[in-house]
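In: how would this look folded up:
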Amino acid sequence: MYTANPLYSPIMHIGIDGRLTYYRTGGISTYIRRLVGALETLDTENQYTVFHSRKASDSLVARFQGAKLWTPCHHRIERTALTIELARFNLDILHSPDFIPPRHGAKRQVITVHDLNFLYYPDLLTTESRRYYNDQIETAVRQADHILADSEATRTDMVNMLGVPAEKITVHMLGVEEKFQPLPDEVVQTFCQEYELPANYILFVGTFEPRKNIAGLLQAYQSLRSELPDAPPVVLAGRRGWMFDETMARIRQMGLDSHIHWRENIPDTALPALYNGARVLVTPSFYEGFGLPALEAMACGTVPIVSNRSSLPEVVGEVGLQVNPDDPATITQALHQALTDSDWRHNMQTAALERARLFTWEQTATTVLSVYRSVI
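Out: Predicted coordinates for the structure are as follows:
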């Protein structure tokens, strides 16, 4: 039984759609899990129901209430079916972290728009993704009572490309977990032995799909080896995405098989060691809504090389190097500097740790909670 609080009245019943965590890892799923955990610590006043897929075996909640729904993610009748399922919960607010809200579902609706890459680069997405996002994003931003964005870049994109009023959007930078930190050498060595990785490597973390510009990274690395024949190998860590087979075929065609290590089976708990073992992290994406790997790498003291567009410059600030994803030569130059200038890399490692301390999930959740309160 909930009673009114004199500071925040009335008590709100807030729903958070966490169904996507069953279907995907990383990215938006990480956002959902960390946000829920931070809100459980932060907000002891309001009532929460976090919605899971009926197929999910694990729970997203420790203190909040959980509920399972039948409606699958990204289904053609998702918005209608979800509206029907949510009716019995009598929600004051529904937060849809995966862009697209149901037709109805609560007195107020909040959505998180992580990026608009599907509008910038529709040819780099699957037909299914284009259908789901491109056909519904205008309705979603119009219907939402308020919108959360991961970066100023995404906020600007929504204003310019979708005509969303700037005051309807609140930016909340994401956080980094405490487990991402410098680790003892022996821990990193044990990890590398377990996953058959070299002692030093260039690291990419993310889904293997065209938007991530792995092709540009491979071309840059091939050029780097002509300048530095002893350059460390590249580790591609992540999950298979669209056009994965084409990526692997390119590796074989370029004769890089022995210098590229693909790892799909690294668990979340081992990611800190993965970052610690890298000489440098490379995120050469054409577009990122935020870029968690760059932040996680910095928290481990690993220098990031990132694209000079979308949200990535906001994440890294003055740390590391920024490159033009359309020009692999700039990636080659950045890799060369990061691998050969030890004094610069040492300074950047210190700067990376300092920069990463600015990002916490508690601050992310604080901003989200302020939005919940403002819409009611």
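
In: three-state assignment of residue 374?
Out: Assigned with DSSP: H, G, I helix; E, B strand; the rest coil, residue 374 falls in the helix class.

In: Hmm, residue 146 and it touching each other?
Out: Yes: under the criterion of C-beta atoms under 8 Å, residue 374 is in contact with residue 146, at a separation of 7.0 Å. In short, each C-beta sits where N, CA and C put it, glycine included.

In: of these two, who's got more company?
Out: The neighbour comparison of residue 374 against residue 146 (other C-beta atoms under 10 Å) goes to residue 146, with 18 against 12.

In: For that one, give its distance to residue 109.
Out: 8 Å (C-beta to C-beta, to the nearest Å).

In: One more: residue 301?
Out: Distance of residue 301 to residue 109, computed by C-beta to C-beta: 40 Å.

In: now the strands for the stretch 151-300 of the chain?
Out: For the stretch 151-300 of the chain, the strands defined by DSSP state E, counting those that start in this stretch cover 169-171, 201-205, 234-237, 260-263, 278-283.

In: how about the helices of the stretch 251-376 of the chain, start to end?
Out: 271-276, 292-299, 312-316, 328-340, 342-356, 361-375 (DSSP state H, counting those that start in this stretch).

In: Looking at those helices, spot the one closest to residue 138.
Out: Checking the helices of the stretch 251-376 of the chain against residue 138 by C-beta to C-beta gives helix 361-375 as the closest, at 20.3 Å.

In: Keeping just the C-alphas, turn that closest one into PDB.
Out: What follows is helix 361-375, C-alpha atoms only, in PDB (Å, rounded to 0.1, in the frame of the first residue of the first chain):
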ATOM      1  CA  TRP A 361      24.700   5.300 -13.800                       C
ATOM      2  CA  GLU A 362      23.600   7.000 -10.700                       C
ATOM      3  CA  GLN A 363      23.800  10.300 -12.500                       C
ATOM      4  CA  THR A 364      22.000   8.800 -15.500                       C
ATOM      5  CA  ALA A 365      19.200   7.500 -13.200                       C
ATOM      6  CA  THR A 366      18.900  10.900 -11.400                       C
ATOM      7  CA  THR A 367      18.200  12.600 -14.700                       C
ATOM      8  CA  VAL A 368      15.700  10.000 -15.700                       C
ATOM      9  CA  LEU A 369      13.900  10.300 -12.400                       C
ATOM     10  CA  SER A 370      13.700  14.000 -12.800                       C
ATOM     11  CA  VAL A 371      12.000  13.500 -16.200                       C
ATOM     12  CA  TYR A 372       9.500  11.100 -14.700                       C
ATOM     13  CA  ARG A 373       8.600  13.700 -12.100                       C
ATOM     14  CA  SER A 374       8.400  16.500 -14.600                       C
ATOM     15  CA  VAL A 375       5.900  14.700 -16.900                       C
END
